[in-house]
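**Student:** Predicted model and sequence below, questions to follow.
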Amino acid sequence: MTRITVAKGDGIGPEIMEATLAIIKAAGAELEIDEIEVGEKVYLSGNTAGIAPESWDIIRRNKNFLKVP
């Protein structure tokens, strides 16, 4: 089982990510997913980087990061 970090992003991103993950899983990948938030919602909450420091920790721990537009 592989643990990955997933960020769906804004706009059409969540739809693209769901389709992407469905294809990856249909191909037989066994994944454990840690989802993080990035983008406008995080930015508007006061984080001008658009990604929270704890999200970077999750990415570093998992060493695998999948993000769509």
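**Tutor:** That came through fine. Numbers count the residues shown, from 1 in each chain.
**Student:** And the lowest-mean-pLDDT helix or strand in the chain, what's buried?
**Tutor:** Within the chain, judged by mean pLDDT, DSSP states H and E, the helix or strand with the poorest mean is helix 40-44; its value is a mean of 91. For helix 40-44, a neighbour-count test (16 or more other Cβ atoms under 10 Å) marks Val42 as buried. C-beta coordinates here come from the backbone N, C-alpha and C atoms, glycine included.
**Student:** Kindly report the same for stretch 49-64.
**Tutor:** 50-51, 55, 58-59, 62.
**Student:** Run through the helices of this structure in chain order.
**Tutor:** For the chain, the helices defined by DSSP state H cover 13-26, 40-44, 53-62.
**Student:** circling back to that earlier point, need the buried residues of stretch 49-64 in a markdown table with pLDDT and distance to Leu31, can you?
**Tutor:** Shown next, in a markdown table, are the buried residues of stretch 49-64 (pLDDT from 0 to 100; distance: Cβ to Cβ, whole Å):
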| residue | pLDDT | distance to Leu31 |
| --- | --- | --- |
| Gly50 | 91 | 24 |
| Ile51 | 93 | 21 |
| Ser55 | 96 | 18 |
| Ile58 | 98 | 14 |
| Ile59 | 97 | 15 |
| Asn62 | 97 | 10 |
